[in-house]
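K.L.:
quick check, what structure comes out for this input:
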Amino acid sequence: MTLRSDLRAVRKLVTNLLATRRNRAELARERSDHPAPDPGTIEIAVYFADSKVNLYQIRQWYRPLEALAARHRVAIIGRAPSAVLAMWRETSLPVVYARSVRDLESFIAQQPLKIVLYVNQNAKNFQMFRYGGMWHVFINHGESDKMYMTTNQFKAYDYAFVAGQAAIDRLTHALWDYDIDRRAIRIGRPQTDHLGGDAPFPRDDRVVVLYAPTWEGDRPAASYGSVASHGERLVEALLSTGRHRVVYRPHPRSGVADPEYARANRAIAAAIARANAADPSAAHLVDTGGELGWQLAVADVAITDISAMVYDRLATGRPIIVTRPSAPDADVDERGYLAAAEWLTAEDARDVVALVDRVLTDEAARERLAHWSRHHFGDTAPGASTARFHAAVDELIARWERFAAIHIGDERDLEADPDEVEDVPGE
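P.N.:
Numbers count the residues shown, from 1 in each chain. Down below sits the predicted model:
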């Protein structure tokens, strides 16, 4: 077994190295088509050090950032070739490839950066934190009650943009000596103002159920994924009715750590394929597209794991079912919305149809949803979150200008020790 594991590890390493070489060669060919922004033009940078596998974390911000770019010049800094290639094709924002720290320094020296935004907690963020003279702001890649949302790493940033009162309560409970009132700024969920895209099926009398699980997690406390424990049974139950349409949207990392999870993911996709072959009008879907929007808008009911998808859906105020983690060590925080959620256990997964029917007609459940939507996001009227996002950025730029008048000469001239300038390791 050890030899087999070692061989798999070697095979994976070789595959990754070959992919990195291909990506770098392709990037070199396309680079002239994506010139860097003119010097002196970029006020706001979005720092993304991850590879393509985690692009979902920044994709959800494309449209809010593109709207922000109408007010302030915005660019994305990418550190990994695969991610940069994808972002060049997916967003109208300028994307700068900064493979090495020297590349990063060159960009910073040319641009009057006032704010740097971060969508995740990648360890390479620290290579950007070293630069003063700009605000470092954590915007995250979702709102949820995962342990990720209360990490002490929040303290590494000058500010954090959070969704609403629930996030404030969560951070107040978890973080010691953290100035919540000054450093956590509520903006709602700007993504909900950009739920674009068209469903690839006609609207008819079928009940559309979105099943959007998270991945299996990388530690026991974060084992929220339901694909292996709930997924096959609940999808089969919905496929069998003839009156439901299943949109299965697996997490991009599904199965990367657990072969059983990968097997269950494939089994669900195969069951959907069989159901469509038997009845093409059913139009069930395995959705692996990069765009998230229409799925939340058209689904009559959403079934999700404990993840940001719960709260993306909550912002729409429409019915949600949350899977109860089967992993005994999963850290479930029920102080917020999860205390009132409609739970689905693995044991009850085959009875999901009855639960779907109930949440569609239960008026008390709708009232609870409306209450928790306001608690997590504040005003969810169209455009309200975008207005708060823009106002938060404008306020930080105003603060930057006040501080810059005093400190700009010292902080923006910070230079790295040449001995510390190293290339970023390959993906």
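K.L.:
same for the host helix or strand of Q127, what does it pack against?
P.N.:
Under the criterion DSSP states H and E, the helix or strand holding Q127 is helix 126-129. Applying 3 or more C-beta pairs under 8 Å, 6 or more residues apart in numbering; DSSP states H and E, one finds that helix 126-129 contacts helix 101-110. Yep, even glycine has a C-beta here, placed from its N, CA and C like the rest.
K.L.:
doesn't S254 fall inside a strand?
P.N.:
No: read with DSSP: H, G, I helix; E, B strand; the rest coil, S254 is coil and lies in no strand.
K.L.:
burial count for it?
P.N.:
Neighbours of S254 under the rule other C-beta atoms under 10 Å: 23.
K.L.:
am I right that A404 sits in a helix?
P.N.:
Yes: the assignment for A404 (three-state DSSP) places it in a helix.
K.L.:
contacting residues for it?
P.N.:
114, 133 (C-beta atoms under 8 Å, 6 or more residues apart in numbering).
K.L.:
any idea how far it is from A392?
P.N.:
Noted for A404: a distance of 18 Å to A392, by C-beta to C-beta, to the nearest Å.
K.L.:
repeat that for A381.
P.N.:
A381 is 17 Å from A392, by C-beta to C-beta.
K.L.:
the two: which has the busier surroundings?
P.N.:
A direct count of neighbours by other C-beta under 10 Å for A381 and A392 places A392 higher, at 18 against 10.
K.L.:
name the nearest residue to the more buried one, ignoring sequence neighbours.
P.N.:
In space, and not counting its chain neighbours, A392 is closest to I185: 4.8 Å by C-beta to C-beta, 6 or more residues apart in numbering.
K.L.:
in a strand, that's where that neighbour is, yeah?
P.N.:
Yes: counting by three-state DSSP, I185 is found in a strand.
K.L.:
right, and it touches V162 too?
P.N.:
Yes: taking C-beta atoms under 8 Å as the definition, I185 is a contact partner of V162 at 7.0 Å.
K.L.:
output stretch 350-364 as CSV, restricted to C-alpha atoms.
P.N.:
Provided in CSV are the C-alpha atoms of stretch 350-364 (Å, rounded to 0.1, in the frame of the first residue of the first chain):
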residue,chain,number,x,y,z
ARG,A,350,-33.7,9.1,0.9
ASP,A,351,-36.6,11.1,2.3
VAL,A,352,-35.4,14.3,0.8
VAL,A,353,-38.5,14.7,-1.5
ALA,A,354,-40.8,15.2,1.5
LEU,A,355,-38.5,17.8,3.0
VAL,A,356,-38.3,19.6,-0.4
ASP,A,357,-42.1,19.7,-0.6
ARG,A,358,-42.4,21.0,2.9
VAL,A,359,-39.9,23.9,2.6
LEU,A,360,-41.7,25.1,-0.5
THR,A,361,-45.0,25.6,1.3
ASP,A,362,-44.1,26.3,5.0
GLU,A,363,-44.8,30.0,5.7
ALA,A,364,-43.1,30.0,9.0
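K.L.:
chain center to it, what's the gap?
P.N.:
Stretch 350-364 sits 28 Å away from the centroid of its parent chain (C-alpha atoms, centre = their mean, to the nearest Å).
K.L.:
tell me the buried residues in that stretch?
P.N.:
Under the neighbour-count criterion of 16 or more other C-beta atoms under 10 Å, stretch 350-364 has 352-353, 355-356, 359 buried.
K.L.:
make a markdown table from those residues and add distance to R335, pLDDT and secondary structure to it.
P.N.:
Shown next, in a markdown table, are these (distance: C-beta to C-beta, whole Å; pLDDT from 0 to 100; DSSP: H, G, I helix; E, B strand; the rest coil):
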| residue | distance to R335 | pLDDT | secondary structure |
| --- | --- | --- | --- |
| V352 | 26 | 98 | helix |
| V353 | 31 | 98 | helix |
| L355 | 24 | 97 | helix |
| V356 | 27 | 97 | helix |
| V359 | 22 | 95 | helix |
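K.L.:
could the residues you listed go into TSV alongside distance to V96?
P.N.:
Listed next are the buried residues of stretch 350-364 as TSV, based on distance: C-beta to C-beta, whole Å:
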residue	distance to V96
V352	46
V353	50
L355	47
V356	46
V359	45
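K.L.:
kindly provide the whole-number mean pLDDT of the one helix or strand R399 maps to.
P.N.:
Element membership of R399 [criterion: DSSP H and E] is helix 384-411. Across helix 384-411, the average pLDDT comes to 88.
K.L.:
try stretch 238-257
P.N.:
94.
K.L.:
those helices in the stretch 1-150 of the chain, which residues are they?
P.N.:
2-30, 56-59, 62-68, 81-90, 101-110, 126-129 (DSSP state H, counting those that start in this stretch).
K.L.:
out of those helices, which is closest to T386?
P.N.:
The closest of the helices of the stretch 1-150 of the chain to T386 is helix 62-68. By C-beta to C-beta, the value is 6.3 Å.
K.L.:
got the contact list for that closest one?
P.N.:
With contact meaning C-beta under 8 Å, 6+ apart, helix 62-68 is reached by 44, 46, 74, 76, 90-93, 190-191, 193-194, 196, 386, 389-390, 393.
K.L.:
check which residues of that helix are buried.
P.N.:
Neighbour counts using 16+ other C-beta under 10 Å place 62-65, 67-68 of helix 62-68 among the buried residues.
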